[in-house]
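> From the sequence below, what's the structure:
(2 chains)
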Amino acid sequence: MRAKTVDRIATSVIIGVAVLIMAVLAALLGFLLVRGVRHIDFHFLTSFPQAIKTGGGIGPQLFNSLFLLVLTMIITIPLGLGAGIYMSEYAKQNRLTDFIRLVVEVLSSFPSIVVGLFGLLVIVNTFNLGYSLLSGALALTVFNLPMMVRLTEQSLRAVPREQKEAGLALGMSKWKTITSVMLPVALPSIVTGSILAAGRVFGEAAALLFTAGMSSPRLDFTDWNPLHPTSPLNPLRPAETLAVHIWKINSEGLAPDAPEIAAGASAVLVIMVLLFNLGARWFGRVLYRKLTASK
Amino acid sequence: MNLPATDIRTAPAEKAPKRQRHIAEEFRGKFYVYFCVLLMIVIIFSIVYFIASRGLAPFIANGVSVKEMLFGLKWNPEGDPAAFGALPFLFGSFATSLLAAVIAAPLGFCASVFMTEIMPKFGKTLLQPAIELLAGIPSVVYGFVGLSVIVPFLRDTFPGQGIGILAGALVLSVMILPTITTIATDALRSLPSGLKEGSYALGATRWQTISRIILPTTLPSLLTGVVLGIARAFGEALAVQMVIGNAPHIPHSLFESATTLTSIITLEMGNTTSGSLHNNALWSLALILLLMTFVFVFVVRVLERRVKR
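Here you go, the predicted model:
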């Protein structure tokens, strides 16, 4: 009988831990949303932050985060796809491939602050791009690339062998087979994964402190010429993102309502991440149904 | 009737150029993927080269000894004489990340056992998405929650200011929980079912099967998850920096202000001029972080080799 009692105790402990984890998540989300959503309104989302007065918003930061995300994905996706295609289709079983695999692994385990420092040294100073959106996007690319490569490789490997062979048997070149037969099949999982990666980019701050900078110029939202220094679309201006803003007001915020702004901004960030998560799942499913014959 | 010219007549004539087009197409594609891979290799070497070139400068050009950096207790790069003891930061980094792993590992193992052995259906529909969500929450948000919930709670319940190693470790443990759980769950799922069934057939209870068959068999994979979790905790910057207090000394208790490698870099890098000794000393700290990454990757590789065997 003793073994059964131990079994019962152990089972209830394990169930207890599972409940505890759910409770932590619920408390976390509940805390963030309850504390934060109160402060979110149209004014908060669109107005400029205030340095020492109350009533500041997060408009420019929100815009910067989204714009940076788009820039990063524009750079990351083609590079990640290319390297992923190499890993799954062109790489031979040899030392070199093992080495490249190691590179991907090391690159993905670099702390984001180290990537940020590399960005500061090479992109900001040596390439002389300064604290700018473009520097930030390049640093985030370094940080995001290994994920994209792995994702592409896994998705392409999951494509049924027959489809690839059918393409080759029709006399298409290998490259043509990859791009017009295999990629469409792999696309749903690549898209799902990229959206999840985008959520990670959206919340990243440590790699951006020393690349995209900790301040924004006074943006002029009526000027959409990318060449003007105060235009929101100028990729060479410094840009403080939402995540960096949360960090900054928590550590050196002078505005009297800094805790409220931090709460509101955190809630916005978490809601965006939730949207990315749900959106990725939904979009992946829709795309899969569109591109394949399955229901 | 004016029929449009059909393709049949022109097709044979195109045969040779088509072949050439294929070769050109293939060449372009290959060139592109090789370029992408080469770029990745260039990036990693330049990261190591650039950080090492700055990080080694204090040791080579300024005669700071490696021993002082690793075991010195005093950090005062602007002082006279300047002191570069980074032991408090190393201690803080190791203490927070190891403590976080000690908290998160049992929880993660329990969660993965729950998802695979006890209630697979409930686990898959509820617990797994919940854990994936935890992984998606940005680190600054964890820092903010730590600052506004965990720190006040610790301040009220324990002596001290609330900030310190324990606050940092608690925040980190939630952050690394998904890493540990996901890897453990994958390992448990890929276990051959014959092992489990054999154990049940011998009359073992579920807990006996879990503790004597499942966990020992998957131990290397479980440890891989823990090491990856520690690696993530070690490199995490802002969440820890927000709750640890940032006092550059070795604390006497878990509730006393301390600091880590990442937080000192975050705080001081912006305030020093590039090329100064103080600045280069911070790059040395970054170099230590970089080397630790290699150590973690190496340990993971060793563990993975044991899994394959």
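
> ok, the closest residue to chain A within the stretch 201-309 of chain B - contacts?
Here the stretch 201-309 of chain B gets closest to chain A at one residue, residue B:235, 2.4 Å apart by Cβ to the nearest Cβ. Placement of C-beta: from N, CA and C, glycine included. For residue B:235, the contact set (Cβ atoms under 8 Å, 6 or more residues apart in numbering or on different chains) comprises A:109-114, B:262, B:289, B:292-293.

> And those residues, which is closest to residue B:226?
residue A:109 (14.2 Å; Cβ to Cβ).

> quick one, helices of chain A?
Counting by DSSP state H, one finds helices in chain A at the ranges A:2-37, A:42-46, A:59-85, A:95-109, A:112-118, A:133-157, A:161-169, A:174-177, A:183-203, A:242-252, A:258-291.

> So which elements touch the third one?
Applying 3 or more Cβ pairs under 8 Å, 6 or more residues apart in numbering or on different chains; DSSP states H and E, one finds that helix A:59-85 makes contact with helix A:42-46, helix A:133-157, helix A:183-203, helix A:242-252, helix B:15-55.

> which one is residue A:122 nearest to, not counting chain neighbours?
residue B:50 (5.7 Å; Cβ to Cβ, 6 or more residues apart in numbering or on different chains).

> isn't that neighbour right next to residue A:124, touching?
No - the pair residue B:50 / residue A:124 is not scored as a contact, 11.9 Å apart, by Cβ atoms under 8 Å.

> who has more neighbours, those two?
residue A:124 (25 against 18; other Cβ atoms under 10 Å in any protein chain shown).

> OK, contacts around that one?
Residue A:124 is in contact with A:130-132, A:135, A:210-211, counting by Cβ under 8 Å, 6+ apart.

> Any quick ChimeraX command for the buried ones out of those?
Here is the ChimeraX command that selects only those of the contacts of residue A:124 that count as buried (16 or more other Cβ atoms under 10 Å in any protein chain shown):
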select /A:131,132,135,210,211
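
> Run a quick neighbour tally on residue 96.
Since you didn't name a chain, this refers to chain A. 12.

> hmm, I had chain B in mind actually
32.

> any idea which element the most centrally placed residue in chain B lies in?
In chain B, the C-alpha closest to the average C-alpha coordinate belongs to residue B:232, at a distance of 2.3 Å (Cα atoms, centre = their mean). In this assignment (DSSP states H and E), residue B:232 forms part of helix B:215-235.

> Please work out the average pLDDT along that helix.
For helix B:215-235, mean pLDDT is 91.

> That helix: which residues count as buried?
Judged by neighbour count using 16+ other Cβ under 10 Å, the buried positions of helix B:215-235 are B:215, B:217-218, B:220-235.

> repeat for stretch A:202-222
A:202-214, A:216, A:219.

> could you pick out which of the residues you listed are near chain B?
Subset of these in contact with chain B: A:202-206, A:209-210, A:214, counting by Cβ under 8 Å from any Cβ of the partner chain.

> and the worst-scoring helix or strand of chain A on mean pLDDT, how far out from the chain's middle?
Ranked by mean pLDDT, DSSP states H and E, the weakest helix or strand in chain A is helix A:42-46, scoring a mean of 75. Distance of helix A:42-46 from its chain centroid, counting by Cα atoms, centre = their mean, to the nearest Å, is 23 Å.

> which parts of it are buried?
So helix A:42-46, judged by 16+ other Cβ under 10 Å, has buried residues residue A:44.

> Now for the buried residues of stretch A:202-222: which two are most distant?
The span of those, defined through Cβ to Cβ, is set by A:206 and A:219 at 23.9 Å.

> ok so, going back, helices or strands up against the least confident helix or strand of chain A?
The contact analysis (3+ Cβ pairs under 8 Å, 6+ apart) places helix A:42-46 against helix A:59-85.

> what about the helix it packs on, average pLDDT?
Per-residue scores along helix A:59-85 average to 90.

> Of all the residues in the stretch 151-295 of chain A, which one is nearest chain B?
The minimum distance from the stretch 151-295 of chain A to chain B, using Cβ to the nearest Cβ, falls at residue A:203 (2.4 Å).

> nearest spatial neighbour of that residue, skipping sequence neighbours?
Nearest one to residue A:203, counting by Cβ to Cβ, 6+ apart, is residue B:138 at 2.4 Å.

> Measure how buried the one you found is and give me the count.
Neighbours of residue B:138 under the rule other Cβ under 10 Å: 26.

> separation between it and residue A:245?
Counting by Cβ to Cβ, to the nearest Å, the gap from residue B:138 to residue A:245 is 12 Å.

> quick one, what contacts the residue nearest to residue A:122?
With Cβ under 8 Å, 6+ apart, residue B:50 has these contacts: A:118, A:121-122.

> One more pass at 10 Å, please.
Listed by Cβ atoms under 10 Å, 6 or more residues apart in numbering or on different chains, the contact partners of residue B:50 are A:117-118, A:120-122, A:125-126, B:283.

> Now do the strands in chain B.
Secondary structure of chain B (DSSP state E): strands at B:75-76, B:83-84.

> deepest of these, which one?
Here the criterion is mean neighbour count by mean count of other Cβ atoms under 10 Å in any protein chain shown, and of the strands of chain B the winner is strand B:83-84, at a mean of 20.

> how close does residue B:304 get to residue B:185?
Distance from residue B:304 to residue B:185, by Cβ to Cβ: 17 Å.

> between the two, who's got more neighbours?
Taking other Cβ under 10 Å, residue B:304 and residue B:185 do not tie; residue B:185 has more neighbours (24 against 14).

> any idea how far the more buried one lies from residue A:250?
With Cβ to Cβ as the criterion, residue B:185 and residue A:250 are 33 Å apart.

> Repeat that for residue B:242.
Counting by Cβ to Cβ, the separation of residue B:242 from residue A:250 is 6 Å.

> cool, residue B:171 as well?
13 Å.

> between the two, what contacts are shared?
B:143-144, B:147, B:242-243.

> ok, back up a step: any common contacting residues for residue B:138 and residue A:245?
A:205, A:269.

> Whichever residue of the stretch 51-200 of chain A sits closest to chain B - nearest residue in space that isn't next to it in sequence?
Nearest residue of the stretch 51-200 of chain A to chain B (Cβ to the nearest Cβ) works out as residue A:111 at 2.4 Å. Leaving aside its sequence neighbours, residue A:111 sits nearest to residue B:235 (Cβ to Cβ, 6+ apart; 2.4 Å).
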